[in-house]
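Asker: Provide a 3D model corresponding to the input given below.
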Amino acid sequence: MMLSVERAEQGAWTVLRISGELDLVSSPEVRRRVHEAVADGRHEVVLDLSGVLFCDSSGVGVLIAARRLLHSCRGRLRLILPARGAVEGSHVNRVLAALGVRRLFEVYPDVPSATGAEPAPAGAAPSAGTASA
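Answerer: Residues are numbered from 1 along each chain as shown. This is a model prediction of the structure:
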């Protein structure tokens, strides 16, 4: 399956909507797109992983590298992982949890809540990671 990365701007946030398989072959494209956003002066990035059906260690490495890059330029990285029960993206959530790195990321259920375009419901605070990599 091919990887697709679509870029959109939503206020201060750059949203990269990723679909397909995030693996050894496709992960360099995601890395390139994150670097392009930062080179464009965009330091608030949302990676929408709701369309990612498969993620291997190379994909996880790209996510960690993106977090590190944005942290180094005082930016922020947020991930979109669908709510429980959704088929798309559940694999990424399981992989991140199994590797013990999910806690490193701020995880949101959808783009509006990640970008602040829609207030989060009461009691639905995002999972914010505070550890540094």
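Asker: so Gly59 sits right up against Ile18, yeah?
Answerer: No - using C-beta atoms under 8 Å, Gly59 is not in contact with Ile18; the gap is 9.3 Å. C-beta here means a position set from N, CA and C on the backbone, and glycine is covered the same way.
Asker: list the contacts of Val45.
Answerer: With contact taken as C-beta atoms under 8 Å, 6 or more residues apart in numbering, Val45 is in contact with 13-16, 34, 37-38, 66, 70, 75-78.
Asker: ok, back up a step: which neighbours do Gly59 and Ile18 have in common?
Answerer: Joint contacts of Gly59 and Ile18 (C-beta under 8 Å, 6+ apart) are 30, 52.
Asker: the strands in the chain, which residues?
Answerer: Remark: strands assigned in the chain by DSSP state E are 4-10, 13-22, 44-55, 76-80, 106-108.
Asker: distance to Val30 for the ones you listed - can I get that in a markdown table?
Answerer: Shown next, in a markdown table, are those (distance: least, C-beta to C-beta, whole Å):
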| stretch | distance to Val30 |
| --- | --- |
| strand 4-10 | 6 |
| strand 13-22 | 6 |
| strand 44-55 | 8 |
| strand 76-80 | 12 |
| strand 106-108 | 17 |
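Asker: before we move on, the earlier item: output the contacts of Val45 as CSV; include the columns neighbour count and pLDDT.
Answerer: Formatted as CSV, the contacts of Val45 follow (neighbours: other C-beta atoms under 10 Å; pLDDT from 0 to 100):
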residue, neighbour count, pLDDT
Trp13, 20, 97
Thr14, 24, 97
Val15, 21, 98
Leu16, 20, 98
Val34, 24, 98
Ala37, 23, 97
Val38, 18, 97
Ala66, 24, 98
Leu70, 20, 97
Gly75, 17, 97
Arg76, 15, 96
Leu77, 22, 97
Arg78, 23, 96
